[in-house]
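S.K.: The following comprises the amino acid sequence and a computationally predicted model.
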Amino acid sequence: MIFRKIICIFAIILSIGISISCRPVFAQEEFVEDNIIVSDSTTSDGFIYNSYDGEVTITGHTNKNIKNLQIPSVVAGLPVTIVAGFNNYDYLSSVTFPENIKYISGFTGCKSLKIVDFPSTEICISSYSFGGTPFINNQKTTVKYGGSLNLLSGEMTKTIAITCDENATSVIIEEGTLYIADHFLDINNEVKSIVVPSSVKKIPTGFASNCYELTSVTLSEGITTIGLAFGNCKNLKSITIPASVTEIDDDVVTLGYYLSNDMKDVKIPGFTITGYSGTAAEAYAKKHGFKFVAIGEALKGDANMDGSVNVDDASLVLSYYAKKSAGLNPDLDKVFSNIKLGDVDENSSIDVDDASKILNYYAKEAAGLTPTWD
C-alpha cells in the first residue's frame, strides 16, 4: 500500500549509508551478493565510498572539518551516482556535484553550508536533505530551491524544488522548476492547495502523500508522469489531470485512496477525475472505478491542443524535430508539452514523416473528405 511503500522508500533513502556502506570504512571488507562485489574503501583524497553493480556511492569524508567538497564524477574507474551522508559536517561551506549524480540524500545539520551546486541533469533527491543548513534557511521563499550555480553572477538557477516550509497552506512551485524532491510535502498537515508548473515533467513519489488537509491540486499542461504522489490525502476529492500526462503510477494504491484505521485501502467517497477523453486520466479513472468528467478529447495529430488538426500542428512537429536534430532539448519548452499527439504513426519518434501525415490529413479534411490515420 502507498503509505507503507513511501515509508519504506524513505527509510531506504536515509539508510543507504547504513545498509550498504556504514560498516567500518577502513576494514576493506568485501562481500558478494548475486555475483556483485560490494566493498568499503577510501580514496587517496579522503572520500569514503562503496561500489555496487558498477556504480559508486560516496558516503562521507575522512576529514569532517573539510570546508569545500568537490564530489568526484569517477572513483576507481566507476561513475559516482549516489551521494548519501555528510550529516553534521560543521565546517562544510560548499558542495559541488558532478553531472552523472542520480541520487542525493543527507547533508543535514551542516551549519556552515551556504553553497550547493547541483547538476543540471535529472536527479532524485530526498526532501529531508540539507535540512538545518544556511543554504535552505536563508531562502525566504515558501519553496526552497537548488540548481546550477552561475559562477560569474553568483546566482543559482531554481531548477530543483527541494523542500517547503512546514506551515505553508498554499504551495506554488515556480515556473522553470524542472524537478521536485521525493516526499516533497509528505505528511504535511497544513497545506491545502498546490500548483505545479508546466516545466515540471514528473510528480515524484510521496510528493503530497498523507496531506490530510489538501483539497486543491493544479497540474499544468506539460506534466507527463504522476508517480505514487497523492496517497492517503482523504480530503482531496477531485483532481484535473492534463492531457500531457501519459503515465499514472498505480503499482500500489495511491490517487483517490486513503488508509483506514485498520490499515486497509479505502476509496475516497465521490472522488472525481477531470481530464481529456482517451488519455491516461480516463484510463486510471475507469480502472479504479472513479467518476470521470471529460473536458474535451485529445485528438491524434493535434500537437498544439487547439482542438483541430491543421498546418500549425505540422509546423510545431517540424520545429520540434529540427531542435532535436540540432542536439537541443525541446521537451523542456512548454510549447511542446503535447507533442506526443504529433506522433501520428506511433513509432515513438516525432519527425518529418509525422508532419507529412498531419498535412495530408488536414488537406483531405479541408477537401471535405473523411481522413484516417491508416
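M.R.: Received the coordinates, thanks.
S.K.: tell me the domain ranges of this protein?
M.R.: Split into domains by automatic domain parsing, the chain comes to 14-138, 169-297, 311-366.
S.K.: Just name the most buried of the ones you listed.
M.R.: domain 169-297 (a mean of 19; mean count of other CB atoms under 10 Å). Every C-beta, even on glycine, is put in place using the N, C-alpha and C of the backbone.
S.K.: mind checking how far that one is from the chain centre?
M.R.: 13 Å (CA atoms, centre = their mean, to the nearest Å).
S.K.: Tell me the helix or strand right after the one helix or strand Y258 maps to.
M.R.: Element membership for Y258 (DSSP states H and E) is strand 257-259. Going down the chain from strand 257-259, the next helix or strand is strand 265-267, by DSSP H and E.
S.K.: Name every sheet partner of that next one and say whether each one runs parallel or antiparallel.
M.R.: strand 257-259 (antiparallel) (DSSP bridges).
S.K.: residues in contact with stretch 365-374?
M.R.: For stretch 365-374, contacts defined as CB atoms under 8 Å, 6 or more residues apart in numbering pick out 300-301, 309, 344-345, 357, 360-361, 364.
S.K.: start to end distance for that stretch?
M.R.: Stretch 365-374 has its terminal residues 14 Å apart, counting by CA to CA, to the nearest Å.
S.K.: mean confidence score for that stretch?
M.R.: Taken as a whole, stretch 365-374 has a mean pLDDT of 90.
S.K.: Kindly report the same for stretch 308-316.
M.R.: Mean predicted confidence for stretch 308-316 is 92.
S.K.: Where does K286 sit: helix, strand or coil?
M.R.: Per DSSP: H, G, I helix; E, B strand; the rest coil, the local secondary structure of K286 is helix.
S.K.: any low-confidence regions in the protein?
M.R.: Within the chain, the ranges that satisfy pLDDT under 70 run 1-39.
S.K.: for the stretch 201-350 of the chain, what spans make up the helices?
M.R.: 280-288, 311-325 (DSSP state H, counting those that start in this stretch).
S.K.: need those in JSON lines with distance to E175, can you?
M.R.: Formatted as JSON lines, those follow (distance: least, CB to CB, whole Å):
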{"stretch": "helix 280-288", "distance to E175": "22"}
{"stretch": "helix 311-325", "distance to E175": "20"}
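S.K.: Could you check how far K192 is from G222?
M.R.: 24 Å (CB to CB, to the nearest Å).
S.K.: Sorry, slip of the keys, the one I care about is S120.
M.R.: 19 Å.
S.K.: What of N100?
M.R.: In terms of CB to CB, N100 sits 26 Å off from G222.
S.K.: Report the secondary structure state of the closest residue to V95 other than its chain neighbours.
M.R.: Distances taken as CB to CB, 6 or more residues apart in numbering put L69 closest to V95, at 4.6 Å, once the chain neighbours are dropped. Classification of L69 using three-state DSSP returns strand.
S.K.: same check, this time on F135
M.R.: Applying three-state DSSP: F135 is helix.
S.K.: ok, and for stretch 156-172, which residues are buried?
M.R.: Buried positions in stretch 156-172, judged by neighbour count with 16 or more other CB atoms under 10 Å: 156-164, 168, 171.
S.K.: so which of the residues you listed comes closest to F336?
M.R.: T159 (18.2 Å; CB to CB).
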